[in-house]
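S.K.: heads up, no residue letters with this:
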């Protein structure tokens, strides 16, 4: 982070959270502990990515208190399996979910926006149809999409 900042580049810090508890990192530490890193390095934004959409609302409640722009990029997997957390994983260790329609993803993401998120998008298995629907919903709600 210091290297990019020294070069005048904005740095966005992103972490993944536990699929069953968005207030914890995958490694089980409290997400709130990230505050020390944010305070020390002042990234331009803090994001939570590559976790199930259901975990993001709890994560947004934590990161919105960090005093920097924040947001979420959820994935479309059923969960991150133990096999995926081992050395050299591939997506073959993960299961795509079939219930996460573009409309359902928009519901989740607009909830994050209602919590104050200003950066939203999608991670693995969230495809162009999801992003197009999200962009339209954001425009319809009066937000600027960049």
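M.R.: Noted; the coordinates are in hand. None of the values given here were measured: they were computed from a predicted structure.
S.K.: Helix or strand: which one has residue 145?
M.R.: For residue 145, there is no enclosing helix or strand under DSSP states H and E.
S.K.: How many neighbouring residues does it have?
M.R.: By the criterion of other Cβ atoms under 10 Å, residue 145 has 11 neighbours. Quick note: C-beta positions are derived from backbone N, CA and C, even for glycine.
S.K.: wait, what's in contact with it?
M.R.: Contact analysis of residue 145 by Cβ atoms under 8 Å, 6 or more residues apart in numbering lists 135, 138-139.
S.K.: And the strands in the chain?
M.R.: Ranges of strands in the chain, per DSSP state E, are 12-15, 17-18, 21-25, 45-49, 70-74, 119-122.
S.K.: Now a PyMOL select for only the buried ones of the contacts of residue 145.
M.R.: Written as a PyMOL command, the selection of buried residues from these, which uses 16 or more other Cβ atoms under 10 Å, is:
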select buried, resi 138
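S.K.: could the contacts of residue 145 go into TSV alongside pLDDT and distance to residue 6?
M.R.: As requested, the contacts of residue 145 are arranged in TSV below (pLDDT from 0 to 100; distance: Cβ to Cβ, whole Å):
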residue	pLDDT	distance to residue 6
135	98	34
138	98	34
139	98	37
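S.K.: Can you tell me which of the contacts of residue 145 comes closest to residue 40?
M.R.: Within the set of the contacts of residue 145, residue 138 lies nearest residue 40; the separation is 32.0 Å, counting by Cβ to Cβ.
S.K.: Would you mind listing the residues in contact with residue 113?
M.R.: Contact criterion Cβ under 8 Å, 6+ apart gives 120, 138, 141, 143 as the residues in contact with residue 113.
S.K.: Max pairwise distance over those: which two?
M.R.: Among the contacts of residue 113, the pair separated by the greatest distance (Cβ to Cβ) is 120 and 141, at 11.6 Å.
S.K.: Tell me which of the two has more neighbours.
M.R.: More neighbours surround residue 120 than the other of residue 120 and residue 141, with 27 against 10 (other Cβ under 10 Å).
S.K.: So what sits opposite that one in the bridge?
M.R.: Here residue 120 sits in beta bridges with residue 72, going by DSSP bridges.
S.K.: Contacts only, for it.
M.R.: 71-73, 109, 112-113, 134, 138.
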